[in-house]
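In: Everything below, folded, please.
(one chain, ligands or ions: 1)
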Amino acid sequence: MTNQNNQEQTTPLTALQHDSFGYLNGELFVEGLSLAEIADKVPTPFYCYSAASIRNAYTLLSDRLEPTGASICFAVKASSNISVLRLLSELGSGMDIVSGGELERALAAGVSPSKIVFSGVGKTRAEIARALKAGIQQINVESCAELEVIRDVARNTGCRASVVFRVNPDVDAQTHAKISTGKKGDKFGIAIEDIPDIYAKAAEATGLDVAGLAVHIGSQLLDLSPYRAAYHRLATLVEALRSKGLSVPRLDLGGGLGIDYHLGVGPDVGEYSIIIQETVGHLGCELTVEPGRWLVGPAGMLVTEVLYLKETGDRVTAIVDAAMNDLMRPALYGAIHPVLPIKSCDDHAPYAYNIVGPVCETSDAFGSYCNLPKLHSGDRIAFACAGAYGASMASSYNSRDLVAEVLVDGDRFRLIRRRQTIDDLLALEKPTPMEHAFLRSRDC
Ligand code: LLP
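Out: Below you'll find the model as predicted:
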């Protein structure tokens, strides 16, 4: 994330981010399958995920967190395909959702409602009602106004609402400005100094079970020290609430663990676990963490084909068939995803390319790469570390179809989302019978 588009990407081709990916006889493999073989069957661009990579990451994180007793709720926004959610759920993960749509995805994936936490600053009445009726574990409340609506919806639906308050601890996560969420003035959470008052009032309200506190200071944290600062403030707050006789049984510690987009190795999760133990471990709270990117980011690639090459200034521009609508991170954050050729070629001299997509915007650029092999029209390459916030942030801008998603498991792969078609898109815009009637009545 610290990379900007105007910086060169210098990852050596051999520095693969995960042992689920690797070259064999010059071909890029995902587990037991050659990506070229998959790309012969699935038209580019498409996302390809490794099930083993996700399993390994989940197992490592849960092992490291074991001494804390923390449970994991995967942040669905990072990768919302229901097959990915099912895979994580079968490993024991709960889910952190931020919309009614994500709730339906989690339920469709077979996740138990009792393992779902609902975050987000703008939950609607309908979303809250659906979540309460489904019986989710907790709603993470982000404002007093939202709390009022939750109380009202709980009353109207006859459900009890289990709530935790998201604290804005005023801690700088030292990450990209667009994904920093825990500083005073950010739209997220309730200012730490306002929590005691709102917490005490809510604890007395009918229809609410006040279960604790939550914090999430940002995403793509590579330095863990902001966690220490935030969790320390949280612990002080818990002690202050308890000294007033209030019960604080649960803490949701948020997500944010970063990955290294050069090598795919993020911060040491063992160290993260120690920070949790040292800051909030003594409180005896039930703990949850909400990682997204760390679990699935290194597990995915966006596979694309080189359409054309052309000279632009001092460099050759490679125009590929993937674009900013498929992988928005470079255009939105200046992020650089390492490029890996699907087949290595004999010419090992490093070549420099600007890689761009077909969308009609200058921002549709994946970045400048200086150490690639010679590219030709028809070559297929993969943008690595694209398993998080790739497909889940895609759009159909320029009326481009949402691309397919493929999950490799061992020596087999499954199409876990078919590619959208233009008919799918147009169908949404064709008048329904009701609209026909409405249009006719306006004609008269
Ligand atoms: N919990 C909450 C309340 C969140 O808002 C987020 C992410 C997470 C957990 C998971 O964060 P993670 O572990 O994945 O860092 N589109 C951006 C990232 C946006 C993150 C938004 N919130 C990107 O592509 O870098």
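In: what phi and what psi does the backbone show at the residue nearest the centre of the chain?
Out: The centre of the chain sits closest to Ala78, judged by CA atoms, centre = their mean, with a distance of 1.6 Å. Backbone torsions for Ala78, taken as degrees, to the nearest 10, come to phi -70, psi -40.
In: what residues does this protein put near the ligand?
Out: 75, 77-78, 96, 119, 179, 216, 219-220, 254-257, 290-294, 329, 333, 388-389, 393 (CB under 6 Å from any ligand atom). All C-beta atoms are positioned from the backbone trio N, CA, C, and that covers glycine.
In: ok so, going back, pLDDT at the residue nearest to the centre of the chain, what is it?
Out: Looking at Ala78, its pLDDT reads 98.
In: Tell me how far it lies from Ile217.
Out: 17 Å (CB to CB, to the nearest Å).
In: First-to-last residue distance for stretch 321-340?
Out: 15 Å (CA to CA, to the nearest Å).
In: strands paired with the longest strand seen in the chain, and their directions?
Out: The residue-count maximum for a strand in the chain (DSSP state E) belongs to strand 300-312. Using DSSP bridges, strand 300-312 pairs in its sheet with strand 46-50 (antiparallel), strand 315-320 (antiparallel), strand 380-383 (antiparallel).
In: do you know which of these lies nearest Glu31?
Out: Evaluated with CB to CB, the strands paired with strand 300-312 place strand 46-50 nearest to Glu31, the distance being 5.6 Å.
In: any idea which helix or strand comes after that closest one?
Out: helix 51-65 (DSSP states H and E).
In: list the buried ones in that following helix?
Out: Ala51, Ala52, Ser53, Ile54, Arg55, Asn56, Ala57, Tyr58, Leu61, Ser62, Arg64, Leu65 (16 or more other CB atoms under 10 Å).
In: okay, those in CSV with pLDDT next?
Out: Shown next, in CSV, are these (pLDDT from 0 to 100):
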residue, pLDDT
Ala51, 97
Ala52, 96
Ser53, 95
Ile54, 97
Arg55, 97
Asn56, 95
Ala57, 95
Tyr58, 97
Leu61, 97
Ser62, 97
Arg64, 97
Leu65, 98
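In: thinking again about what came up before, same list, the strands paired with strand 300-312, but as JSON lines with mean neighbour count please.
Out: As requested, the strands paired with strand 300-312 are exported to JSON lines (neighbours: other CB atoms under 10 Å):
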{"stretch": "strand 46-50", "mean neighbour count": "27"}
{"stretch": "strand 315-320", "mean neighbour count": "19"}
{"stretch": "strand 380-383", "mean neighbour count": "26"}
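In: in the longest helix along the chain, what's buried?
Out: The longest helix of the chain (DSSP state H) is helix 225-243. Residues of helix 225-243 classed as buried: 226-235, 237-238, 241 (neighbour count, 16+ other CB under 10 Å).
In: model confidence over it, on average?
Out: Rounded mean pLDDT across helix 225-243 is 98.
In: Could you do stretch 371-378 as well?
Out: On average, stretch 371-378 scores 94.
In: Quote the end-to-end distance of it.
Out: 19 Å.
In: and that stretch, how far from the chain's centre?
Out: 30 Å (CA atoms, centre = their mean, to the nearest Å).
In: Ok, stretch 177-192 next?
Out: That offset, for stretch 177-192, works out to 18 Å (CA atoms, centre = their mean).
In: Neighbours of the closest residue to the ligand within the stretch 101-250 of the chain, how many?
Out: Nearest to the ligand in the stretch 101-250 of the chain, going by CB to the nearest ligand atom, is Ser219, at a distance of 3.2 Å. Neighbour count for Ser219, taken as other CB atoms under 10 Å: 27.
In: Am I right that it is in contact with Ile259?
Out: No: using CB atoms under 8 Å, Ser219 is not in contact with Ile259; the gap is 10.5 Å.
In: where do the contact lists of these two overlap?
Out: Arg293 (CB atoms under 8 Å, 6 or more residues apart in numbering).
In: Just the closest of the buried residues of helix 51-65 to the ligand, please.
Out: Leu61 (10.7 Å).
In: List the contacts of that closest one.
Out: Here Leu61 is in contact with Ile72, Val269, Pro291, Trp294, Leu295 (CB under 8 Å, 6+ apart).
In: Keep only those of the residues you listed that are in strands.
Out: Going by DSSP E, the strands hold Ile72 from the contacts of Leu61.
In: With pLDDT added, can I get the contacts of Leu61 in JSON lines?
Out: What follows is these, written out as JSON lines (pLDDT from 0 to 100):
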{"residue": "Ile72", "pLDDT": "98"}
{"residue": "Val269", "pLDDT": "96"}
{"residue": "Pro291", "pLDDT": "98"}
{"residue": "Trp294", "pLDDT": "96"}
{"residue": "Leu295", "pLDDT": "97"}
